[in-house]
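Student: Fold the stuff below for me.
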Amino acid sequence: MIGLPMSVPAPGLPARVRIHEVGARDGLQNEKTAVPTEVKAEFVRRLAASGLTTIEATSFVHPKWVPQLADAEQLFPLLADVDAALPVLVPNERGLDRALALGATRIAVFGSATETFASRNLNRTVAESLAMFEPVVARAREGGAHVRGYLSMCFGDPWEGAVPVHQVVSVAKALLDLGCDELSLGDTIGVATPGHVQALLSALNEAGVTTDRIGVHFHDTYGQALSNTLAALQHGVTTVDASAGGLGGCPYAKSATGNLATEDLVWMLDGLGIETGVDLAALTATSVWMAEQLGRPSPSRTVRALSHKE
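Tutor: Numbers count the residues shown, from 1 in each chain. I've put the predicted structure just below:
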């Protein structure tokens, strides 16, 4: 029985990668079926027990826009005993107030590299969205919170097509200039390829953005998420977003399929001898359990392969 890949390190790669787990937020926000608050809390606990140290817990977006996460106030207190960093997404100052009132110490804002997606997702221009984030980031930082800036549509936009690298760099710099501690580059519709990934990372470096402040967030629409991740690792990136079981997409980008599955990522990293601290068997069992709660099999190839062999 194969439970783990053979570890064969490759030169020029990081020794350790921090996985930023987004399944409980980015994954579940796109589910059609209602997931009970207690199930969400158990999901986060199991993810932490598998060794994941950063688990995005929920979103303090208005329930009208993301009804699946309307229970943020009820969920977050249930996670007080979880031994992991628990970032939460906030869209504006009202969301920040709700998160801070519950003791959140890591927050994230969600911006767009393109005008069309900013209009459809945030009902604002890119400049207006940055202006909206400015007091959010400032107040969060004043309160001692860590701030992550998500930047979507970094490689392609379903309405605008290919997104120029310089345009992404400009908005990325603006987000960091607001005071964000780290930046997550999102391939929201999954159209990136390895050369494009490395070109964007190089352009960001040339603009003064150091690689240690960059994370990558790939979708697997065209089966490129792992190859793009490897390209980012070769560039020195050590923070990779992934979703347990491959859950999720983007409710405002209809062509976006699921996120990179955390298990698929861990299989590759284990095979490269890169430390993650994650127990692949425990994580797979968690995704099998969550798939049962959702009433459908996990889309992760690794989850299917390992659970089928058990």
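
Student: Longest helix in this protein, please.
Tutor: helix 126-142 (DSSP state H).

Student: In CSV, list the C-alpha atoms belonging to that one.
Tutor: Taking Å, rounded to 0.1, in the frame of the first residue of the first chain, the C-alpha atoms of helix 126-142 are listed here in CSV:
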residue,chain,number,x,y,z
VAL,A,126,-9.7,49.4,-8.1
ALA,A,127,-8.8,52.9,-6.7
GLU,A,128,-12.0,53.1,-4.7
SER,A,129,-11.4,49.6,-3.2
LEU,A,130,-7.9,50.6,-2.1
ALA,A,131,-9.3,53.7,-0.5
MET,A,132,-11.9,51.5,1.3
PHE,A,133,-9.1,49.1,2.6
GLU,A,134,-6.8,52.0,3.8
PRO,A,135,-8.6,52.6,7.2
VAL,A,136,-9.2,48.8,7.6
VAL,A,137,-5.5,48.0,7.3
ALA,A,138,-4.4,51.0,9.4
ARG,A,139,-6.8,50.2,12.2
ALA,A,140,-6.0,46.5,12.1
ARG,A,141,-2.2,47.2,12.3
GLU,A,142,-2.8,49.7,15.1
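
Student: by contact count, what packs against it?
Tutor: Helix 126-142 sits against helix 93-101, strand 106-112, helix 115-122, strand 146-152, helix 165-177, with contacts defined as 3 or more C-beta pairs under 8 Å, 6 or more residues apart in numbering; DSSP states H and E. Using the backbone N, CA and C atoms, a C-beta is placed for each residue, glycine as well.

Student: Which among those is found nearest to residue 130?
Tutor: helix 165-177 (5.4 Å; C-beta to C-beta).

Student: hang on, the earlier thing: just tell me which of the helices and strands packed on helix 126-142 ends up closest to residue 298.
Tutor: Of all those, strand 146-152 comes closest under C-beta to C-beta, at 24.0 Å.

Student: Can you list the strands that the helix or strand following that closest one pairs with?
Tutor: Following strand 146-152 in sequence order, the next helix or strand is strand 156-157 (DSSP states H and E). Strand partners for strand 156-157, identified by DSSP bridges, are recorded as strand 161-162 (antiparallel).

Student: what's the offset of the partner strand from the middle of its chain?
Tutor: 22 Å (C-alpha atoms, centre = their mean, to the nearest Å).

Student: is it true that residue 5 lies in a helix?
Tutor: No - assessed with DSSP: H, G, I helix; E, B strand; the rest coil, residue 5 is coil; it does not lie in a helix.

Student: any idea how far it is from residue 279?
Tutor: According to C-beta to C-beta, to the nearest Å, residue 5 and residue 279 sit 14 Å apart.

Student: Also residue 261?
Tutor: Counting by C-beta to C-beta - residue 261 and residue 279 are separated by 16 Å.

Student: okay, the two: which has more neighbours?
Tutor: residue 261 (29 against 15; other C-beta atoms under 10 Å).

Student: Check the residue nearest to residue 178 when sequence neighbours are not counted and give its pLDDT.
Tutor: Excluding its sequence neighbours, the residue lying closest to residue 178 (C-beta to C-beta, 6 or more residues apart in numbering) is residue 137, at 4.6 Å. pLDDT for residue 137: 98.

Student: Just list the residues touching residue 137, thanks.
Tutor: 109, 147, 149, 178-180 (C-beta atoms under 8 Å, 6 or more residues apart in numbering).

Student: what sits against residue 68?
Tutor: 28-31, 34-35.

Student: now do 10 Å
Tutor: Shown in contact with residue 68 (C-beta atoms under 10 Å, 6 or more residues apart in numbering): 25, 27-35, 40, 58-59, 251.

Student: Just send these back as TSV, with pLDDT, neighbour count and distance to residue 225 too.
Tutor: Output for the contacts of residue 68, formatted as TSV (pLDDT from 0 to 100; neighbours: other C-beta atoms under 10 Å; distance: C-beta to C-beta, whole Å):
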residue	pLDDT	neighbour count	distance to residue 225
25	95	28	18
27	92	29	14
28	93	24	19
29	90	23	19
30	83	17	16
31	83	15	20
32	81	6	23
33	76	10	25
34	80	11	28
35	95	19	24
40	98	25	24
58	97	30	24
59	97	25	22
251	45	14	19
